[in-house]
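Undergrad: sequence isn't available, so here's the structure alone:
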């Protein structure tokens, strides 16, 4: 008996626990696809390779397991680049397998040849070009190990067609990975943990600032235990939403550019910041020089390169958030924070988000608030990028760690619908619905995926907030560029455009259009009750803005609360 | 801004040099020189990278290098007891009148005469940065036709 490279690939993928594969065929991967439909893998054919990469990313975000992509060489490979960069910025583990021309043709500008390992070098955690069929099982094993351990991230494997067509008499999949240059450190240094506990005890105005690292670590339980024990106020980044119990008394919601007034002012007043699984992104810190001027900074992160990258850290603890919090919880004792707790509660009470409604107009904030209420804050939500994304972050009360799928780091429009595909596939057995919030701009960046959700009959509910603008850019133009709406109008005049209801119908997906606040609840219920894909087009206020807002480059206390 | 000498032990594989060079360019770090070559173990290569930056930049450089899967070990030699060498090949203008003078001077500077041509002398200088720089400076008096200098190779003592 002999095995082809394609067969070895399938066996190797099985051995690392793969169940679902996203992708798109093409010349250089026909041998792989020839064996793929004879395996037990569930294959999801997206309608664009970019969407396959985002779907695998969404799958990873909701399960914590690597998402897998198989595409062809050349344009198939380059189309995944935005998806790979998106996953890389948000530390999402995906493994992308690209076809490649024959090894003997590499470097000759052959048909559909591209140096994809060269192209993705700065946006992957690691990459391989398979040059020998005997290396294939080891490479697959290593790729999944690298993608899913330490700080997770994308790995690309470039597979020439002569390797997938080649045969060997026997092959073996190694049990263990042996990488001398890669040994992630999970255990935090006990002395640093002790120092942190001491600082927590001595602090008067501590605040916890959490991010996506807590999700990837699976440390939500430990974090909630830590907060229960210490009663320290806490704020989250966009990527961390869901890790804090929304009913926690001192939860200050999101911080940063569109964070709450109470989160941003609390950060400014604090004397100890306990940062966990975050990277001090510029959308969070605002002007770095004025960020938390009076605070000592403690930082727990598995990536030592994140520590002191932007802001000098006083107490670094390198390791896995879950393990470090477990150790910290054993020794931590709270100080006396009563004055501070009263201070933040008062701030919170006095600076609640506005919820515009009941004035005869359809406000996006209301739609998201009602979705949150009607789903009890429990449904998986994917978003695209822009105003709607920020409104979701502000008005949906997330309960669970892996519930929000959103492109935080790269800010990739068009990622939302494919994210939802990945999430729905991961929850296919339970047939749990996934809601995608999108805008009329973002949704059109991967609109072809309506075919995928119909074809797979996925319970993906698409809520488009149509304001006929690239809303976030328009908002900046309105506020800072003298209302010069250059390149941001997407409509045709007064009527909604395009007709998303008709568009959905052409893909055989039921859809309705909502103009009025009174119709919102019924529409949401209808979409959720329907077993399968469903689309609602909400025709919203055209020039609604996201507030509060800290203008780019300003300090966190320079908050615009609304139109002056 | 201080120059730092960093030694990096990497897997001897294709693409690693591009990866390391790309890391420096994409993050805006200034490389003064980079040398890569074989080691006692054929599966490993050693790089000596001279990079300019303040303490914080250098700390980031080292962390980012350590993050690479193919990087096995990173050592900042700057504050350690180490030996560093560079090599220069210098083709100096020479006439009948100056030839002997150049040869004498080059020998005094511990240079090796590699070739003597009709109108030039090719000299190899090896040594620490100061020795090589000084030799080149003195050779400039005769006019340098062409020259090439390596970056540093370094090892801890």
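TA: Thanks, I have the structure now. Note that the coordinates shown come from a computational prediction; the quantities given were computed from them, not determined experimentally.

Undergrad: in the stretch 251-400 of chain A, where is pLDDT below threshold?
TA: Counting by pLDDT under 70, the stretch 251-400 of chain A shows no low-confidence range.

Undergrad: residues in it within reach of chain B, list them.
TA: Counting by Cβ under 8 Å from any Cβ of the partner chain, the stretch 251-400 of chain A comes close to chain B at A:303, A:304, A:305, A:307, A:308, A:309. In short, each C-beta sits where N, CA and C put it, glycine included.

Undergrad: scan the residues you listed and report the most crowded one.
TA: residue A:307 (24 neighbours; other Cβ atoms under 10 Å in any protein chain shown).

Undergrad: separation between that residue and residue B:74?
TA: 16 Å (Cβ to Cβ, to the nearest Å).

Undergrad: report how many residues lie close to residue 101.
TA: Reading this off chain A. Neighbours of residue A:101 (other Cβ under 10 Å): 22.

Undergrad: you answered for a different chain; I wanted chain B.
TA: For residue B:101, using other Cβ under 10 Å, the count is 12.

Undergrad: what does residue A:461 give?
TA: Other residues close to residue A:461 by other Cβ under 10 Å number 27.

Undergrad: let me see the ranges of the strands in chain B.
TA: B:2-11, B:30-38, B:44-53, B:71-76, B:82-93, B:112-116, B:120-127, B:144-149, B:153-156 (DSSP state E).

Undergrad: list the buried residues of the fourth one.
TA: It stands for strand B:71-76. Neighbour counts using 16 or more other Cβ atoms under 10 Å in any protein chain shown place B:71, B:72, B:74, B:75, B:76 of strand B:71-76 among the buried residues.

Undergrad: what angle separates that strand from strand B:2-11?
TA: Put simply, strand B:71-76 runs at 160 degrees to strand B:2-11, going by axes from the mean of the first three to the mean of the last three Cα atoms, to 10 degrees.

Undergrad: what's strand B:71-76 in contact with?
TA: A:180-181, B:4-11, B:20, B:44, B:58, B:62, B:65-66, B:156 (Cβ atoms under 8 Å, 6 or more residues apart in numbering or on different chains).

Undergrad: try 10 Å
TA: For strand B:71-76, contacts defined as Cβ atoms under 10 Å, 6 or more residues apart in numbering or on different chains pick out A:179-182, B:4-11, B:16, B:19-20, B:23, B:43-47, B:49, B:51, B:58-59, B:61-68, B:82, B:154-156.

Undergrad: figure out how far that strand is from the centre of its chain.
TA: Between the centre of strand B:71-76 and the centre of its chain there are 18 Å (Cα atoms, centre = their mean, to the nearest Å).

Undergrad: direction included, what does that strand pair against?
TA: Strand B:71-76 has the following strand partners under DSSP bridges: strand B:2-11 (antiparallel).

Undergrad: buried set for the partner strand?
TA: Neighbour-count burial for strand B:2-11 [16+ other Cβ under 10 Å]: B:4, B:5, B:6, B:7, B:8, B:9, B:10, B:11.

Undergrad: hang on, residue A:373 in a helix?
TA: Yes - Residue A:373 forms part of a helix when assessed by DSSP: H, G, I helix; E, B strand; the rest coil.
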